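> Structure of the sequence below:
(2 chains)
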Amino acid sequence: MRRPRWESLTGRQPALFALILLVLSIAINLIVQPNMFARETLNSNMRVFLPLILLAVGQAIVILGGGIDISVGAIASIVNTVLATRVGLDGSPQEMWTYVFLSLLIGLLAGAINGFFIAYLRLQPIITTYATSFLYAGFALYILPNPGGGIPATIAQLYRSSTPLNLPLAFFIILIVLLIWLYLRATRYGRFLYAVGGRPQAAYETAVPVTWVQFSMYVISGLMAALSGIAITMLSGSGNADIGGPMTLNSITAVVIGGNALSGGIGGVAGPIMGAITLGVLQNIISFADIDTWWETFVRATIIVVALAAPGIVNLFRRRQS
Amino acid sequence: MAESLSARNIVKRYGGVVALSDGNLDVHAREVVALIGANGSGKSTMSKVINGVVVLDGGQLLLDGQPIRFTSPQVAKNAGISTVFQELSLIPQMTVAENIWLTREPLNAFGVVDRKAIKTRTEELLALFEGTYKTALHPDSPIASLPPDERQIIEILKAMSFDPWLIILDEATASLDSRQVQRLFDLVAKWKEQGKAIVFVSHRMEEIFRIADKYTVLRNGRTVGAGSIKDINEQQLIKLMIEKESALGFLRGEAKTEEKIEKEVSLEVENLTSGTLRGVSLQVHKGELVGIGGLQGQGQRHLLHSLFGDIPYSGTVRLFHKDVRFKHPHEAMKAGVALVPGDRAKEGLLYIRSILDNMLLPSWRRYGMPLKVSNARKDAEQTGSSLNLKMAGLDAPVSSLSGGNAQKVVIGKWLMRNPQVLLLDDPTKGVDVGSKAEFYSLLTRLSEEGKTILFYSSDDEELIGLCDRVLVMHDGMIRTELSGNTLTKENLIAASLGAGERLGGDA
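Alright, predicted model coming up:
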């Protein structure tokens, strides 16, 4: 029996589906927004997409390793509220950078808590991070009960309108993240990550430090969530304890569209980045085409269902034929 | 390089099940030790103790006479111990080269995996089995795309890739063809010359006598014999593997004296074929208790599940002279067939639900709409007491029961439907001796009542003690049928190990 061409292609290139979807959505976006690639428009789009991209990268690594992190949005919320309340609208740039550093530590700590429960106490990832997400969201609300606060306008401006080499700042950040990932993937750690996600028992028997790898991927995810929180804060210039929550499901959607198997061990980070951009472009299309916003949820939901069900549907057809 | 490894009085328990109670093993450099034993005698557990995959509950490991503790596979690996796992330790999503060098990848100055070096070294290793591959095997082939024999070879190459001093081969030849086995044995000879030690776990007598220098026999978690292979023959080895005094002895007479098996054929199978089964034909009479034996994983489970409509198959199945083709267990249930599955926790029970819920799961339909729970409760209580089920109450969760009592619930839930054909998949695994005895009398009673029983067991004693006939399966086929005088432990083990034709014929 010959394997269908499409299946063998996506088997080797899991991100192919994401690439096709991205090109398609950009094409549609160009129709409703012809000046999409103008410098200003491109920059304003990319700076909006970046927080989700960063979140999706962390989520992609956890899912590659066979886990899932439901608390990423809440971690981003904590960082957002900390920056908005501690720095303030009239804070100095120096204070800002101190708290950015502190934010990264918060992300690492929150990820380490997740990792400790999951890797060392062997609790279920989905339940554990769902529980800690309430812990973190609650903490964010404690810091900033009502939306408000802010960061110095100069810093926000730096994020919003920097365009080195006439390209949006977000491009460079994505490039750096991708380079780090490509390096990581080429190291022994990368191999361990794929092995642990693929078949943890076999990895354990091969003397891969399974527990440590599982712990570390949640720490990485926490760090990426903190970076995402920093980006959100610079984008919005203010604080809101509820800002990260809805982004969690989007980050998982981006990873699924990106071609990573939810069961772990297959995929990468480039696919999820494309997935995250696709989700942003979809939102763009919907707001420009003057369609009711509920369509956005509907389209997004359709994509995730199709992406999840596609392998099953292909199998069903194959069984019918044989 | 180390000179010797000794395991002394090893104890290992899994939950309440004792896998090893007194395991002893000595391995020295430049020799091959065959680790032999019947199903469930503790061979795999023994190898997992030596390679650090499981942590022992008692006893001691000595490396060159010095006590050593293996708390994880890493520690054992650092001591130069390597394993070819029976279930293979390969990651299906990763490539051949990535799997072989996992955790030992050559790195360049930046900590990046040196893919070129990996590729050349993998090609060198692959060359060892050159000419025996059926696919175009190369270092970048994903494991998932390889046939079983090539996966097995990769597992062997992976185990030898870090030049260990002790290699454990756990059923490493099971999926290899004769040429590949020969290559492996050539390698083993070379390893011996290099001063390595080899532990060879196998069921194949012929291979054991071909390459082993020493033997160690395990029985029921105990080492019952060890010595030089020159001083023993096949018959003596098989005798060592067999329990001398059997708790079943008394039952044997009981089951065998009744000669009143009805002549009516109730279940007839012709040329049953599926992914695993290769043309199975059999007949079972009404009131007959037929055993299925053989090594584990020879298709016994597939046969039972196919008959229960759980696995698609081709071939003919006749039940009480009517052709049937069950597409779903539900159809089999309606036709009076019941399956007691092998994995109690996963297939047989809803572990956290109550005994009542579990018992009634196949029968709720009978109790109307809305459910007449008090009637149901009465029936469940009756079944429970007829099985002598020891429980705190019907509402206690199944998870609160011991292995034996939980298994009674699995059987009880089917007995409540009064099935005519009972398929049993290793029902006494992990069950205490007292409950086992109760099962045996229950099965005898059911067959006397005229039920048709097909009974797979990994415990050879049971098959001989209980069954009227035993069908020995090997590689998806029925190899030998043993009954009456030929139904002896020696014949059963010999047939399982593949010596069937010879011994089966002298009946």
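> Pull out the buried residues from the helix or strand hosting A:Ile285.
Using DSSP states H and E, A:Ile285 sits within helix A:270-288. Buried positions in helix A:270-288, judged by neighbour count with 16 or more other CB atoms under 10 Å in any protein chain shown: A:270-286. To be clear about C-beta, it is placed using only N, CA and C from the backbone, and glycine gets the same treatment.
> One more: stretch B:22-40?
B:22-27, B:29, B:31-40.
> Please list the residues of chain B that sit near chain A.
With CB under 8 Å from any CB of the partner chain as the criterion, chain B comes near chain A at residues B:51, B:53, B:72-74, B:77, B:83, B:85, B:88-94, B:98, B:102-103, B:105, B:107, B:110-113, B:158.
> Can you verify B:Leu423 is assigned to a helix?
No: according to DSSP: H, G, I helix; E, B strand; the rest coil, B:Leu423 belongs to no helix; its state is strand.
> quick one: A:Thr81 from chain B, how far?
Per CB to the nearest CB, to the nearest Å, A:Thr81 is found 37 Å from chain B.
> and stretch B:98-107, how far from the chain's centre?
31 Å (CA atoms, centre = their mean, to the nearest Å).
> Please save the CA atoms from that stretch in CSV.
Presented in CSV, the C-alpha positions along stretch B:98-107 are these (Å, rounded to 0.1, in the frame of the first residue of the first chain):
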residue,chain,number,x,y,z
GLU,B,98,19.9,9.7,16.8
ASN,B,99,18.7,6.6,18.7
ILE,B,100,22.0,4.8,18.7
TRP,B,101,24.0,7.8,20.0
LEU,B,102,21.3,9.2,22.3
THR,B,103,23.1,10.6,25.5
ARG,B,104,26.5,9.9,24.0
GLU,B,105,26.4,12.2,20.9
PRO,B,106,29.9,13.4,19.9
LEU,B,107,29.9,17.2,20.3
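> Now do that stretch: everything it contacts.
A:187-188, A:191-192, A:194-195, A:203, A:206-208, B:90-91, B:94, B:113-114, B:117-118, B:121-122, B:125, B:143, B:154, B:157-158, B:161-162 (CB atoms under 8 Å, 6 or more residues apart in numbering or on different chains).
> Repeat the analysis, applying 7 Å as the threshold.
A:188, A:191, A:195, A:206-208, B:90-91, B:113-114, B:117-118, B:122, B:125, B:143, B:154, B:157-158, B:161-162 (CB atoms under 7 Å, 6 or more residues apart in numbering or on different chains).
> In that stretch, which residues are buried?
By neighbour count with 16+ other CB under 10 Å, stretch B:98-107 contains the buried residues B:98-103, B:105.
> cool, stretch B:356-369 as well?
B:356-360, B:362-363, B:367.
> Format those residues as TSV; extra columns: pLDDT and secondary structure.
Shown next, in TSV, are those (pLDDT from 0 to 100; DSSP: H, G, I helix; E, B strand; the rest coil):
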residue	pLDDT	secondary structure
B:Leu356	89	helix
B:Asp357	89	helix
B:Asn358	90	helix
B:Met359	89	helix
B:Leu360	88	helix
B:Pro362	88	coil
B:Ser363	86	coil
B:Tyr367	84	helix
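> how about the residues you listed in a markdown table, adding distance to B:Leu387?
Formatted as a markdown table, those follow (distance: CB to CB, whole Å):
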| residue | distance to B:Leu387 |
| --- | --- |
| B:Leu356 | 14 |
| B:Asp357 | 17 |
| B:Asn358 | 13 |
| B:Met359 | 10 |
| B:Leu360 | 15 |
| B:Pro362 | 16 |
| B:Ser363 | 15 |
| B:Tyr367 | 20 |
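> Report the central residue of the chain.
Here I'm looking at chain A. With distances taken as CA atoms, centre = their mean, the residue of chain A nearest its centroid is A:Ala56 (1.3 Å).
> Actually, chain B is the one I wanted.
B:Gln296 (3.6 Å).
> could you say which helix or strand contains B:Arg13?
Counting by DSSP H and E, B:Arg13 is found in strand B:4-14.
> Torsion angles phi and psi at the residue nearest to the centre of chain B?
As for B:Gln296, its main-chain torsions (degrees, to the nearest 10) stand at phi -70, psi 150.
> Go ahead and confirm it touches B:Ser458.
Yes: between B:Gln296 and B:Ser458 there is a contact under CB atoms under 7 Å: 5.7 Å.
> where exactly do the strands run in the stretch 201-350 of chain B?
B:214-219, B:222-228, B:265-273, B:278-285, B:289-293, B:314-319, B:322-324, B:337-340 (DSSP state E, counting those that start in this stretch).
> Make a ChimeraX selection of whichever of the residues of chain B next to chain A turn out to be buried.
Buried subset of those, written as a ChimeraX selection, criterion 16+ other CB under 10 Å:
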select /B:51,53,72,73,74,77,83,85,88,89,90,91,92,93,94,98,102,103,105,112,113,158
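> got the contact list for the closest residue to chain B within the stretch 51-200 of chain A?
As assessed by CB to the nearest CB, chain B sits closest to A:Gly198 within the stretch 51-200 of chain A, at 4.0 Å. The contact partners of A:Gly198, taken as CB under 7 Å, 6+ apart, are A:264-265, B:91-94.
> re the thing from before, can you tell me the helix or strand for the residue nearest to the centre of chain A?
Element membership of A:Ala56, judged by DSSP H and E, is helix A:39-64.
> Show me what that helix is packed against.
helix A:72-86, helix A:169-186, helix A:188-198, helix A:210-236, helix A:247-257, helix A:270-288 (3 or more CB pairs under 7 Å, 6 or more residues apart in numbering or on different chains; DSSP states H and E).
> Please identify the most buried of these.
Sort the helices and strands packed on helix A:39-64 by mean neighbour count, taking mean count of other CB atoms under 10 Å in any protein chain shown, and helix A:72-86 sits at the top with a mean of 29.
> what's the next secondary structure element after that helix?
Heading C-terminal from helix A:72-86 (DSSP H and E), you reach helix A:93-115.
> Packing partners of that following helix?
helix A:72-86, helix A:125-143, helix A:153-161, helix A:210-236.
> Hmm, A:Ser25 and A:Thr278 touching each other?
Yes: look at A:Thr278 against A:Ser25 with CB under 7 Å: they come within range, at 5.2 Å.
> Residue most distant from the centroid, chain B?
Largest separation from the mean C-alpha position in chain B: B:Ala109, at 46.7 Å (CA atoms, centre = their mean).
> quick one: that residue and chain A, what's the gap?
Distance of B:Ala109 to chain A, given as CB to the nearest CB: 12 Å.
> residue ranges of the helices in the stretch 251-400 of chain B, please?
Secondary structure of the stretch 251-400 of chain B (DSSP state H, counting those that start in this stretch): helices at B:300-307, B:329-334, B:355-360, B:373-386.
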